[in-house]
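**Q** build me a model from this:
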Amino acid sequence: MEQVIHGILLALHNLALVGCAAAPFYNRNLVNKRSQYGPKLFYRLDKVVEDTLQGNAPYCIAFIITLFVTGTGMPANHYLFHGVFKELSDVALISLIIKIAFVFGMMVIMFSIFFKINPELKRMFADFSSEDQPDPQIEAGFFKLRARRKYLCEICFVFAIMVLISSAFMGFEV
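**A** Here you go, the predicted model:
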C-alpha cells in the first residue's frame, strides 16, 4: 500500500512540476509574439493576451499547492509506514534544499504578479477601448508594467527549470 500511495503522490507531483514549467514557457512564447508589435496598444490583441495570461493564474496556484501537498505527502507516507523519515544522501538533500528554495522563489514571484501587477494591469486595461486611442501616458505605464511582469516571468521560468533539474537528483540513495 505504501508504494501505491507513493506512486500516486509522485505522479501528481510530477504533473505539477511539468505544469509549473509549462505555464511560464507558453506564457513566455505568447508575450514574445506580442512584443513584435511594440509598446502600442492593439485592443483586441492585447485583450486576448491579458485574458490568457491572467486566466492562467489559478492553474499556477493549483500547481504550486499540488507541489507542496505531494512534496510533503511523500515523506509523510514513508513516516506513516516506517515510523521514521527516509534518510537522504547528501546529493538528494542538497537537491531538495535547492528545489524548495526555487519553489519558494516562484511563489514570491507569482504572488507579486497575481496580487500586485495583474490587478493593476487589469485596472489600467479597463480604461482602454477598441474605439478610442489610449492616453499616451497611461499606455506607456501599461507597457512598463507589462515589461516588469515579463521580466519576473522570465525569472520564474528559470526557477521552474531549476526545480525540474534538482528533482532529477532527489532519487540518489544513501
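**Q** can you give me the neighbour number for residue 18?
**A** Neighbourhood size, residue 18 [other CB atoms under 10 Å]: 14. All C-beta spots, glycine's among them, are computed from the backbone N, C-alpha and C.
**Q** and stretch 153-172, which residues are buried?
**A** Buried positions in stretch 153-172, judged by neighbour count with 16 or more other CB atoms under 10 Å: 153, 156, 157, 159, 160, 162, 163, 164, 166, 167, 169, 170.
**Q** can you redo these as TSV with pLDDT, secondary structure and distance to residue 115?
**A** Shown next, in TSV, are the buried residues of stretch 153-172 (pLDDT from 0 to 100; DSSP: H, G, I helix; E, B strand; the rest coil; distance: CB to CB, whole Å):
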residue	pLDDT	secondary structure	distance to residue 115
153	89	helix	15
156	89	helix	15
157	88	helix	20
159	92	helix	18
160	88	helix	19
162	92	helix	23
163	89	helix	22
164	87	helix	25
166	92	helix	27
167	88	helix	27
169	90	coil	33
170	84	coil	30
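**Q** could I get the residues you listed as CSV with distance to residue 12?
**A** Below are these laid out as CSV (distance: CB to CB, whole Å):
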residue, distance to residue 12
153, 24
156, 21
157, 22
159, 20
160, 17
162, 21
163, 15
164, 15
166, 18
167, 13
169, 20
170, 16
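**Q** pick the one among these closest to residue 113.
**A** Nearest to residue 113 among the buried residues of stretch 153-172: residue 153, at 7.2 Å, using CB to CB.
**Q** any idea how far the residue nearest to the closest one when sequence neighbours are not counted lies from residue 167?
**A** Spatial nearest neighbour of residue 153, excluding adjacent residues (CB to CB, 6 or more residues apart in numbering): residue 24 at 5.5 Å. Using CB to CB, to the nearest Å, residue 24 is found at 16 Å from residue 167.
**Q** what do you get for residue 11?
**A** Computed as CB to CB, the residue 11 to residue 167 distance reads 13 Å.
**Q** need phi/psi at residue 40.
**A** phi -130, psi 130 (degrees, to the nearest 10).
**Q** hang on, it packs against residue 136?
**A** No: using CB atoms under 8 Å as the test, residue 40 is too far from residue 136 to be in contact (9.9 Å).
**Q** which residue ranges of the chain form strands?
**A** For the chain, strands defined by DSSP state E do not occur.
**Q** in stretch 79-88, what counts as buried?
**A** For stretch 79-88, the neighbour count (16+ other CB under 10 Å) marks residue 88 as buried.
**Q** pLDDT below threshold where in the protein?
**A** Residue ranges of the chain with pLDDT under 70: 174.
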